[in-house]
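J.: Quick one, structure for this:
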Amino acid sequence: MNFLLKLVFAAGCVSPVVAASNDDSRVLPFDTDKVLVESGDRINNPYALADKPFTIATEAPNRVAAPAAAAVLCGGETWVHGDLLGRTNDDQPVYTHIVENRVYLNWNGKIESNIDIIYNLKGGRYPHNSTNEAIIKGCINRPDPSTAPQNLLGTTGDGRITCNGHVMDNLGLLGVFVQDGRSTYQYTKYVNGKLYVMIKQGIDDERTTNYNMSLMPETINKEHGSYMASKWDGVFTRVMLDGCYWPGDVKTGTIVNQNNCESGPTLSGITNITQTALRFTFTGNGISTVKWRIESGNTELRSGTTADLAGGKTVNINFNSLAPGNYSLEIEGASCTSTISRRDFTINEPVVTIPDCVNGPAVSSFSSITPQSMTVNFGGDNLRTFSWRILQGSYAVASGATGKLGGNSAPVTFNYLKNGTYTFEMRALDCKAPAVATRNFSVSATDTRTACPKGPTMQSLISSGDTRVEFLFDGEGIYAIDWKILNDQNVAVRQNRVAPQNNHPIVDYAKLPNGVYTMQIQGGLCKSTATAERFSIGVPLPIYVSHFKGEVVEKGVELSWEVVSEQDGKEFEILRYDDKLKNEEVLGTVSLTDQRTGWYKFVDESPLLGNNYYQLKQIDIDGTFTKSKVISVNPGIIQGTVVAPNPAQDYVDIQFSSRSAGQTEVLIYNAAGVNVGSSPIRISEGKNVHRINVKRLVSGSYFMKISHSGQISSLRFTKLD
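T.: Numbering: from 1, shown residues only. Model prediction:
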């Protein structure tokens, strides 16, 4: 009989599993009369006692006291619960975690299944070599029910084990794994009060100690035609598997007797909290030194160990400054072994007292008035910072704020003001005043500005709202733009100056009520003709579009949008801009369908390299139009990356499409981010398939990086022995 060898990396073990020939996949090969249940199979489950459930973290989710032992001897090493083993490349801590006489890795609050990370920790003790590999593989366990985030196990009155409230009968069928016409039967087996998955590979398999749970995930997912027993179909879950069943390769050590603290330490209070120090008190006896840690969530931020406390139980600690916010303090014995005590605390924002203004503020006079600037002379003994507005009637036409002033005068600049009378309004910022100070002034001057070289010309509104507008303009030599927002009566209700850093500046203003408005721009430091674009707030448009989006597809960039409502609409023009939001190009036209509303699509089959900016021009029957928001899509160079087979044994094939040819290499990294291999490849324009040899890699999780024309694509895969 031929067998299909399946290498499995799951549930903490690597083992060969074969699926037996499926002569009759629904005939169960297990004869319960052939197996005696020993007395040792009767349950005495330490993890399922109703009054003593196990938990990984009740008070401190990232480091907790060992449930049974504080230290274990294994592989010639003493493993102490809570010891820092090192940090991963992203600076996350990895600690020793001990349950009973078993050792696990605690990666920043999670019991880690990939034990190979221990070889590549920053400041780690176990670099990868044959000696350390024997120690790690012989001592470190992967997650099991004793480290599950919650206790799912229990017992019945007659000694049967329950999982998530369901009775798991000894020797009861869980499911059948099927692949290529062969079946592997999986049963529940009681062993020393624990649940294991026992497998049978065909009708002639009489083994009763072949434990392996690696095929259960695929059976639960019904892959390859696998199926669960009718009792468990839709009931038994991956959470139940991981939370109730043990892998077949549990590693144990010898418990080391520790110097346990007589009692405590237990936090009783945290006071005198600042950004750099605090005081804590604790209860307990026989404790001369204490370890402490400050954490945010599961991340350790500050830590230390006290000097000899000489019997004292009040501790002042200092640390590097922390931002205001919520934190947790953890303490445990340093001179003796103890549980961990944790308490939350808050660092409040520093209290800033603003004094009353003295002899001010008051606007005394103005000097050097021009249409774009003036000097404000003011009164106020302790006033050194203020905000200001220039009003024309009740509308603000300019606004700003000073920096810290050294005297009682301040130069202010603003957008170009036409001749007329205005009101200057001053509001104190660094002292308290009962009211703003105001004073009128007049502008009477000849416009001496030169003409702008080109523009600024409004092209479109990228986005608009009741407090912000982003607009697109064309122009050269434009260092300042004066903008106005006009209401439907053509009255300026908001205006100011913006110094554009690009051709799509953003301006903010006080909230506008619902209505139809016009955004108008013209040169600030130079003269130009005003240009404008209309927008509305809370007023329905002839065509109302929502969900305008772009997506990279094999043919290019697919644009889609939904017409929610329309009135007298005709069609859409699809506009595209380059990566600098310049060079507008009409790609095509999409007419409204007979249904009018609904989803519309357009594919740009020749997108530009880099960012492509798209916009819809919504045209009405009468020829008027509005423009949508602008969206950005980067189609990239490489598209549709796929890696197969996954999991892999000897090789992986990577498949993708490229918009350009070139030479590059595939870099392979392990789960700790360490480069473990590379392979040069030649990329062709169009579809590509490249085979990468991974036979020499050890079992584990990996990811590949392909860098081409400035784009990096990452692919994950799993290697099995």
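J.: Please parse this structure into its domains.
T.: Recorded structural domains for the chain (assignment: automatic domain parsing) are 4-46+151-244, 71-147, 263-347, 362-443, 454-537, 543-633, 638-719.
J.: rank the ones you listed by pLDDT, which is bottom?
T.: Among the domains of the chain, domain 4-46+151-244 carries the lowest mean pLDDT, a mean of 74.
J.: from what I can see residue 89 touches residue 672, true?
T.: Yes: look at residue 89 against residue 672 with Cβ atoms under 8 Å: they come within range, at 6.4 Å. Just so you know, the C-beta spots here come from the backbone N, C-alpha and C atoms, and that holds for glycine as well.
J.: Same drill for those two, tell me which one is more crowded.
T.: residue 672 (21 against 13; other Cβ atoms under 10 Å).
J.: Show me the helices in the chain, by range?
T.: 130-139, 216-220, 238-244 (DSSP state H).
J.: quick one on the thing from earlier: I'd like the domains of the chain laid out as CSV, including distance to residue 253.
T.: Converted to CSV, the domains of the chain look like this (distance: least, Cβ to Cβ, whole Å):
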stretch, distance to residue 253
domain 4-46+151-244, 16
domain 71-147, 3
domain 263-347, 16
domain 362-443, 65
domain 454-537, 62
domain 543-633, 52
domain 638-719, 23
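J.: who wins for proximity to residue 250 among these?
T.: Of all these, it is domain 71-147 that lies closest to residue 250, at 6.4 Å by Cβ to Cβ.
J.: Endpoints of that closest one, how far apart?
T.: Domain 71-147 has an end-to-end distance of 17 Å (Cα to Cα, to the nearest Å).
J.: now do stretch 376-390
T.: Termini of stretch 376-390 sit 12 Å apart (Cα to Cα).
J.: tell me the contacts of the most centrally placed residue in the chain?
T.: Taking Cα atoms, centre = their mean as the criterion, residue 90 is the residue nearest the geometric centre of the chain, at 13.8 Å. With contact taken as Cβ atoms under 8 Å, 6 or more residues apart in numbering, residue 90 is in contact with residue 673.
J.: Give me the phi and psi for it.
T.: Dihedral angles of residue 90 (phi, psi; degrees, to the nearest 10) stand at phi -90, psi 20.
J.: which residues does residue 401 bridge with?
T.: Beta-bridge partners recorded for residue 401 (DSSP bridges): residue 387.
J.: residue contacts, it?
T.: Listed by Cβ under 8 Å, 6+ apart, the contact set of residue 401 reads 385, 386, 387, 388, 429.
J.: ok, now how distant is it from residue 415?
T.: Here residue 401 is placed at a distance of 15 Å from residue 415 (Cβ to Cβ, to the nearest Å).
J.: Next: residue 537.
T.: Applying Cβ to Cβ to residue 537 and residue 415 gives a distance of 23 Å.
J.: Settle it for me: which of those two has more neighbours?
T.: residue 415 (21 against 15).
J.: Let me see the contact set for that one.
T.: By Cβ under 8 Å, 6+ apart, the neighbours of residue 415 are 372, 397, 398, 480, 482, 483, 495, 496, 497, 524.
J.: quick one: which of those is nearest residue 654?
T.: residue 483 (50.9 Å).
J.: Now do the contacts for the closest one.
T.: Residues in contact with residue 483, defined by Cβ under 8 Å, 6+ apart, are 415, 471, 495, 496, 497, 498, 507, 519, 520, 521.
J.: Burial check on the fourth one, number of neighbours?
T.: To tie it back to what came earlier, the one meant is residue 496. 22.
J.: re the thing from before, would you mind giving the helices of the chain as TSV with distance to residue 344 added?
T.: TSV is the format used below for the helices of the chain (distance: least, Cβ to Cβ, whole Å):
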stretch	distance to residue 344
helix 130-139	35
helix 216-220	38
helix 238-244	28
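J.: Farthest pair within the contacts of residue 483?
T.: 415 and 471, at 15.2 Å, using Cβ to Cβ across these.
J.: Return the member of the contacts of residue 483 nearest to residue 562.
T.: Nearest member of the contacts of residue 483 to residue 562, counting by Cβ to Cβ, is residue 471, at 24.7 Å.
J.: ok, that closest one touching residue 531?
T.: No: if you go by Cβ under 8 Å, residue 471 and residue 531 don't touch, sitting 10.1 Å apart.
J.: More neighbours: which of these two?
T.: Set residue 471 next to residue 531 and count neighbours by other Cβ under 10 Å: residue 471 wins out with 26 against 16.
J.: contacting residues around that one?
T.: Applying Cβ under 8 Å, 6+ apart, we find residue 471 in contact with 458, 459, 460, 461, 462, 483, 504, 505, 507, 519, 521, 533.
J.: In contact with residue 424, which residues?
T.: When contacts are counted by Cβ under 8 Å, 6+ apart, residue 424 touches 363, 366, 376, 388, 389, 390, 391, 438, 439, 440, 441.
J.: List the contacts of the last one.
T.: Taking Cβ under 8 Å, 6+ apart as the criterion, residue 441 is in contact with 366, 369, 374, 421, 422, 423, 424.
J.: From those residues, list the buried ones, please.
T.: The neighbour-count criterion (16 or more other Cβ atoms under 10 Å) marks 366, 369, 374, 422, 423, 424 among these as buried.
J.: so who does the closest residue to the last one other than its chain neighbours touch?
T.: It stands for residue 424. With Cβ to Cβ, 6 or more residues apart in numbering as the criterion, residue 424 has its nearest non-adjacent residue at 5.4 Å, and that residue is residue 439. Neighbouring residues of residue 439 by Cβ under 8 Å, 6+ apart: 363, 365, 366, 423, 424.
J.: Please apply the same query to residue 319.
T.: 276, 277, 294, 302, 304.
J.: Would you mind giving the contacts of residue 401 as a markdown table with neighbour count added?
T.: Below are those laid out as a markdown table (neighbours: other Cβ atoms under 10 Å):
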| residue | neighbour count |
| --- | --- |
| 385 | 14 |
| 386 | 27 |
| 387 | 14 |
| 388 | 21 |
| 429 | 16 |
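J.: Closest to residue 192 out of the residues you listed?
T.: Closest to residue 192, out of all of the contacts of residue 401 and judged by Cβ to Cβ, is residue 429, at 73.2 Å.
J.: what about the residue lying closest to residue 318 once chain neighbours are set aside, distance to residue 293?
T.: Leaving aside its chain neighbours, residue 318 sits nearest to residue 277 (4.7 Å; criterion: Cβ to Cβ, 6+ apart). With distances taken as Cβ to Cβ, residue 277 is found 15 Å from residue 293.
J.: Much appreciated, bye for now.
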